[in-house]
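1. My questions concern the predicted model and sequence given below.
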Amino acid sequence: MAGDTGLKRTALHDLHVKLGAKMVPFAGWSMPVSYPMGVLKEHLHTRAAAGLFDVGHMGQVILPAHAVAALEALVPVDIAGLGLNRQRYAMFTNDAGGILDDLMVANRGDHLFLVVNAACAEADIAHLNAHVPGVTVVTGRGLLALQGPAAEAALERLLPGVAAMRFMDVATFLWRGEDIWVSRSGYTGEDGFEISVPDAVIEAFAEALLAMEEVAPIGLGARDSLRLEAGLPLYGHDIDTATSPVAAGLAWAIQKARRAGGARAGGFPGAERILRELAEGPARKRVGLRPDGRAPMREGVEIYAEAEGGSPIGTITSGGFGPSIEAPMAMAYLPATLAEGATVYGEIRGKRLPARLSALPFHPTRYKR
């Protein structure tokens with residue numbers, strides 16, 4: 001649905017306005033960046049209780065079960081080995097070994113269910129249509145994320161049985177006569193769920209959750225600080241068409257079957273570079289940075305090896321202040337030879353300030369394994 005501004009609107013647009021959200025353009029959509037609670041409190045509320053996010057701008061796609069091999073030819077991930085009612089993180093790669101987009105793939109028995117990023121949805125769907133038979137773009141459904149330590153108890157009240165799910169399980173539940181598709185996943189580092197809900201009941205479903213004391217609406221601002229604390233890359237910032245999965249620290253998502261010596265090794269775009277980097281290591285890699293002091297180092301800040309002189313050795317791809325860690329944090333691509341704890345320097349307004357290489361995530365993750 002498109003509004004007067006030409007921006008697309010999710011099925012919950014009117015609810016966001018009613019809740020006092022500040023709406024902003026994002027990937028061609030009108031989306032809530034924050035609510036009256038404010039980004040800082042929204043972030044901390046999600047870590048302490050449960051936050052409800054509208055992620056209806058993301059693309060939802062169904063592929064027939066027989067498309068497994070065709071999808072595997074586009075991703076460096078084991079799709080054939082994905083268990084029934086299980087979900088897996090994946091990425092589309094290009095011939096140069098870069099990332100076209102990252103996505104989620106679920107095995108729902110007679111079909112695969114994909115969720116792709118909003119900014120890449122149109123290109124992803126065209127890419128799928130060019131290589132995979134039977135692509136169906138899901139319409140008439142929104143997507144919610146319920147995240148935080150109280151998410152399980154809150155959602156269990158509406159959908160009895162979700163508490164039995166484990167991280168990356170998928171299941172279907174019935175609510176007011178409608179099928180609700182649930183995965184135990186999210187992008188905050190917290191336990192939680194992503195929930196595909198028919199437009200006909202999504203506002204009522206969201207309001208039923210928000211009526212619970214522990215659930216609050218959360219906007220894009222806190223979503224970004226939460227995922228950054230969790231060390232999770234954002235497409236178009238920390239990963240892109242020039243970045244390989246290995247350099248991005250996503251080698252964990254490439255299963256043994258697709259690696260050298262595996263049952264279905266290679267056979268995906270960019271396999272030569274990606275398999276080489278898995279064996280030899282990348283020249284550059286995504287790292288965490290902890291700037292000294294309280295001032296954040298934001299995206300675009302150039303990083304130097306020394307306090308004076310020399311050329312930049314990298315650039316910050318995401319940066320901000322972490323409400324849960326009460327300190328600034330950033331991610332950048334730097335030479336792989338640099339060790340954790342090494343000091344580098346970010347140049348801000350002509351002045352170089354120190355930052356230490358830090359392990360990711362900045363804040364412990366709490367998935368329900």
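-> Sure, I can see it.

2. Which stretches in the stretch 101-250 of the chain count as helices?
-> Applying DSSP state H, counting those that start in this stretch to the stretch 101-250 of the chain gives helices spanning 121-131, 151-158, 199-210, 220-229.

3. next one: the last one to chain centre, how far?
-> What it means is helix 220-229. Remark: helix 220-229 is offset 10 Å from the chain centroid, using C-alpha atoms, centre = their mean, to the nearest Å.

4. Also the second one?
-> With C-alpha atoms, centre = their mean as the basis, the distance from the averaged C-alpha position of helix 151-158 to the chain average is 22 Å.

5. hmm, back to that, looking at the helices of the stretch 101-250 of the chain, which is buried most?
-> The highest mean neighbour count among the helices of the stretch 101-250 of the chain, using mean count of other C-beta atoms under 10 Å, belongs to helix 220-229: a mean of 24. Heads up, the C-betas are built off the backbone N, CA and C, glycines and all.

6. got the domain boundaries for the protein?
-> The chain breaks down by automatic domain parsing into domains covering 1-281, 283-369.

7. Make JSON lines out of these and add mean pLDDT.
-> Shown next, in JSON lines, are the domains of the chain (pLDDT from 0 to 100):
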{"stretch": "domain 1-281", "mean pLDDT": "97"}
{"stretch": "domain 283-369", "mean pLDDT": "97"}
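
8. Identify, out of the ones you listed, the most deeply packed stretch.
-> Across these, averaging neighbours per residue (mean count of other C-beta under 10 Å) puts domain 1-281 on top, at a mean of 19.

9. Quick one: residues contacting residue 362.
-> 228-231, 288, 290, 322, 325, 329 (C-beta atoms under 8 Å, 6 or more residues apart in numbering).

10. which one among those gets closest to residue 250?
-> Set against residue 250, the nearest of the contacts of residue 362 by C-beta to C-beta is residue 231 (11.3 Å).

11. was I right about the closest one contacting residue 358?
-> No: contact between residue 231 and residue 358 fails when scored by C-beta atoms under 8 Å: they sit 9.3 Å apart.

12. Where does residue 42 fall, secondary structure wise?
-> Per DSSP states H and E: residue 42 is located in helix 39-48.

13. could you dump the helices of the stretch 101-250 of the chain to JSON lines with distance to residue 76?
-> Formatted as JSON lines, those follow (distance: least, C-beta to C-beta, whole Å):
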{"stretch": "helix 121-131", "distance to residue 76": "15"}
{"stretch": "helix 151-158", "distance to residue 76": "31"}
{"stretch": "helix 199-210", "distance to residue 76": "34"}
{"stretch": "helix 220-229", "distance to residue 76": "22"}
